[in-house]
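Engineer: Provided below for reference: sequence and predicted model.
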Amino acid sequence: MKLKYLVSAMAVMMLSSGAAVAKSDNLASFHAEMDSCQSCHTKPLKVSDSETHENAQCKSCHGDYAELANDKLHFDPHTSHLGDINCTSCHSGHDKPQLTCNNCHNFEMEMPFAETKAKKKWDGAWDQDKIQKAIDKGPVETVDVIVVGAGSAGFNAAISAKMAGAKVVLFEKAAYTGGNSMLAAGGINAVGTPQQKKKGIEDKVEWYFEDAMKGGRYKNDPKLVQILAEESAGAVKWLESLGANMNDLKRSGGARVERTHRPSGGASVGPHIIDTLRKAAVERDIDVRVNSRIEKIVLNDDKSVAGVVVHGRHSGYNMVAADSVVLATGGYGMNKEMIAYYRPTMKDMTSSNNVTATGDGILLAKEIGASMTDIDWVQAHPTIGKDSRILISETVRGVGAIMVNTDGERFIDELTTRDRASDAILKQKDQYAWLVFDEQLVAKKKMVRGYDHLGMLSKGNTIEELAKITGMSKLPKTASDYNKYQAAGKDDAFGRDDMPLNLTKPPFYAVKVAPGIHHTMGGVAVDTDANVLNLQSWKMSGLFAAGEVTGGLHGFNRLGGNAIADTVVFGRIAGENAAKHALEKK
Ligand code: FAD
Ligand code: MEZ
């Protein structure tokens, strides 16, 4: 019998046998009993922060995720959108195992050694004494470019810096890379791509620019928006050159044409991009370290960047020197205190964000005198599954769903901008709405099957049946009116100008949605070269930033698809300029 099957069989036996569990009550002692500590660890014992050896050991005995995939499970954690992450992200050796999926979901899944006691978390409060001691001790290593945060902006920066000839290290505080980027569902906006040309879509850099500015209520930094628009097609091409598939196109709210690019086949864009970037980083031999939180940016006496203090899960506090640091730490959509401070009216809202979105980069940059732009602008996404943290992608409306209130009546153009749609929902009875669609949409959008799988959809064989199940008494009339507008190509009720589908093919579906925190538009002030600016708007020598940690690009309201575009366009600019700066200083 292969060890992987033997071990999983043993784990199941142990779960069902109290005596066995009492003997080895954690994963580590179970392995030690079978063999020795060397089942998992090196001798002499040295555990890197990324737990690289330990994870290789897991896979050598148990198989990789593809081998562990089990299609009999209702939810298979080994085939989730988290991709190929460390086994120890969930199965910690000496600590209570924790299903990473449950950061957002509430899956009830029995895990081996679930009875293990939880230990004190390594990544609690930042310890200022230890930070200072690490600085006093001096750097333990030196590189050219340090990238902080391994989401899309961080990976793009690290890959670009490495390709420009710099020695790079990419630090990620979580046990896995991906951040909010791996949750992106809709797509990446770009203008002038071969995909648009193939579909006969006329688009212009000026239109992209105008749509983003209008969506942002003209509070965006036009110089940043211009670069985003001009470089967007190059961003898609770059992702494709790294192995991504961006062949599908759809329209997002606030955009005048279809310019949101996504993988063909209906897969979500974020997991696909992160998977591509992870592989591209491995192929380029980039040093990516997880379980490594940056807690300080260190400056020289002349205020130029000297490096960072990293708090590693196993290595503790150390200073790493570099002439360039790129902040790519994402937003603060999961930091309750920051939301309560900057946007008190949103403090009780749910959030679509990953638990990693804690605003660290903003705190790190502020502490050393960086300026902030639009820091209090927080976007509510109108369609987060009610009472959940699961985003119902804008794609669902883009592809054809209608949005109705609890009586089943439409109340707004479904393709309006997010701020308008969110405000309109909050004015409805009970402050929630339903998205309604039919089987045609399900056939087009694989992600909708995912919502069904999660038990989020109500279903009826007729519109009348769906109306009865959901209590939306006016839904049949609304659907019949909408079908007439769709056939005529003119929405007399709300002026929706893109109605790709009607509501005619059973079964019919509805999902309850409500606004929730989605994107923090404000953040660190940057110029067009991704230099971080200080309070006097001077460049901070050696400090760069890209992605959701920055402010200025999106103004007061971001358009769907512009954040991933931001992470690729400005991630690359930050990486290239960080490499240039560091190499010139050598
Ligand atoms: P992130 O991807 O969040 O990465 C930041 C990383 O930094 C994280 O991994 C974090 O752990 C790490 N980090 C933080 N602090 C530290 C520290 N102190 N030390 C070390 N590491 C640190 N946008 C679109 O354009 N299209 C979409 O379809 C789309 N869909 C979305 C769906 C969802 C559910 C969500 C939440 C967002 C979506 N967005 C979308 C927005 C977009 O995904 C994010 O704005 C974007 O991915 C942010 O990328 P980033 O690289 O800046 O940050
Ligand atoms: O850009 C986004 O946040 C986006 C497209 C989200 C979504 O609804 O899919």
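Structural biologist: Happy to help now that I have it. Ligands and ions are numbered 1, 2, ... in the order given.

Engineer: Residue numbers of the protein in contact with ligand 2?
Structural biologist: 185-186, 252, 391, 393-395, 560-561, 563 (C-beta under 6 Å from any ligand atom). For the C-beta atoms, the positions are set from N, CA and C on the backbone; glycine is no exception.

Engineer: which ones among the residues you listed come in contact with ligand 1?
Structural biologist: 185-186, 391, 560-561, 563.

Engineer: Among the residues you listed, which one sits closest to P194?
Structural biologist: Closest approach to P194 among those (C-beta to C-beta): G561, at 17.5 Å.

Engineer: what's the closest residue to A212 other than its chain neighbours in contact with, if anything?
Structural biologist: Excluding its sequence neighbours, the residue lying closest to A212 (C-beta to C-beta, 6 or more residues apart in numbering) is V225, at 5.0 Å. V225 makes contacts with 209, 212-213, 216, 553, as judged by C-beta atoms under 8 Å, 6 or more residues apart in numbering.

Engineer: can I get those residues in CSV with secondary structure, distance to E295 and neighbour count?
Structural biologist: CSV is the format used below for those (DSSP: H, G, I helix; E, B strand; the rest coil; distance: C-beta to C-beta, whole Å; neighbours: other C-beta atoms under 10 Å):
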residue, secondary structure, distance to E295, neighbour count
F209, helix, 38, 19
A212, helix, 34, 27
M213, helix, 37, 19
G216, coil, 33, 27
L553, coil, 27, 28
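
Engineer: Name the nearest of these relative to ligand 2.
Structural biologist: A212 (11.9 Å; C-beta to the nearest ligand atom).

Engineer: Verify the contact between the closest one and G552 for me.
Structural biologist: No - in this structure A212 lies outside contact range of G552 using C-beta atoms under 8 Å: 11.8 Å.

Engineer: quick check: mean pLDDT across the helix or strand where G575 lies?
Structural biologist: Assessed by DSSP states H and E, G575 sits inside helix 562-585. Helix 562-585 carries an average pLDDT of 98.

Engineer: same question for stretch 425-433, mean pLDDT?
Structural biologist: Mean predicted confidence for stretch 425-433 is 97.

Engineer: Endpoint to endpoint, it covers what distance?
Structural biologist: Using C-alpha to C-alpha, to the nearest Å, one end of stretch 425-433 lies 6 Å from the other.

Engineer: For that stretch, could you pull out the residues that count as buried?
Structural biologist: 425, 428, 432-433 (16 or more other C-beta atoms under 10 Å).

Engineer: Which neighbours do A212 and G552 have in common?
Structural biologist: N220.

Engineer: before we move on, the earlier item: mind putting the ones next to ligand 1 among the residues of the chain next to ligand 2 into TSV with neighbour count and distance to M456?
Structural biologist: As requested, these are exported to TSV (neighbours: other C-beta atoms under 10 Å; distance: C-beta to C-beta, whole Å):
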residue	neighbour count	distance to M456
A185	22	14
G186	25	17
L391	25	11
G560	30	20
G561	29	23
A563	26	24
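
Engineer: wait, which of those residues is closest to K130?
Structural biologist: Among these, and counting by C-beta to C-beta, the member closest to K130 is A563, at 34.2 Å.

Engineer: thinking again about what came up before, can you give me the buried ones in the helix holding G575?
Structural biologist: 562-583.

Engineer: And stretch 66-76, by the same measure?
Structural biologist: For stretch 66-76, the neighbour count (16+ other C-beta under 10 Å) marks L68 as buried.

Engineer: Dump that stretch to CSV, keeping only the CA atoms.
Structural biologist: Coordinates of the C-alpha atoms in stretch 66-76 are reproduced here as CSV (Å, rounded to 0.1, in the frame of the first residue of the first chain):
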residue,chain,number,x,y,z
ALA,A,66,-3.4,16.4,-7.9
GLU,A,67,-2.9,13.0,-6.3
LEU,A,68,-4.8,13.9,-3.2
ALA,A,69,-7.8,15.2,-5.1
ASN,A,70,-10.9,13.3,-4.1
ASP,A,71,-14.0,13.8,-6.2
LYS,A,72,-16.2,12.0,-3.7
LEU,A,73,-15.9,15.0,-1.3
HIS,A,74,-18.5,17.7,-1.5
PHE,A,75,-15.8,20.3,-0.8
ASP,A,76,-12.3,19.1,-1.6
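
Engineer: out of the ones next to ligand 1 among the residues of the chain next to ligand 2, what pair is the most spread apart?
Structural biologist: Using C-beta to C-beta for every pair in these, the one that comes out farthest apart is L391 and G561, at 13.6 Å.

Engineer: quick one: which of the buried residues of stretch 425-433 sit in strands?
Structural biologist: Counting by DSSP state E, the buried residues of stretch 425-433 place A433 in strands.

Engineer: Make a markdown table out of the buried residues of stretch 425-433 and add distance to ligand 1.
Structural biologist: Output for those, formatted as a markdown table (distance: C-beta to the nearest ligand atom, whole Å):
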| residue | distance to ligand 1 |
| --- | --- |
| I425 | 18 |
| Q428 | 23 |
| Y432 | 18 |
| A433 | 18 |
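
Engineer: so L501 makes contact with R397?
Structural biologist: No - the pair L501 and R397 fails to qualify as a contact (C-beta under 8 Å) at a distance of 10.8 Å.

Engineer: more neighbours, the two?
Structural biologist: R397 (29 against 18; other C-beta atoms under 10 Å).

Engineer: Check for me that the more buried one belongs to a helix.
Structural biologist: Yes - membership of R397 in a helix is supported by DSSP: H, G, I helix; E, B strand; the rest coil.

Engineer: so who does it touch?
Structural biologist: 253, 383, 403, 414-415, 435.

Engineer: next one: S60
Structural biologist: Counted by C-beta under 8 Å, 6+ apart, S60 has zero contacts.

Engineer: residues of the helix or strand hosting it that come out buried?
Structural biologist: Per DSSP H and E, S60 falls inside helix 52-62. Judged by neighbour count using 16+ other C-beta under 10 Å, the buried positions of helix 52-62 are 54-55, 57-59, 62.
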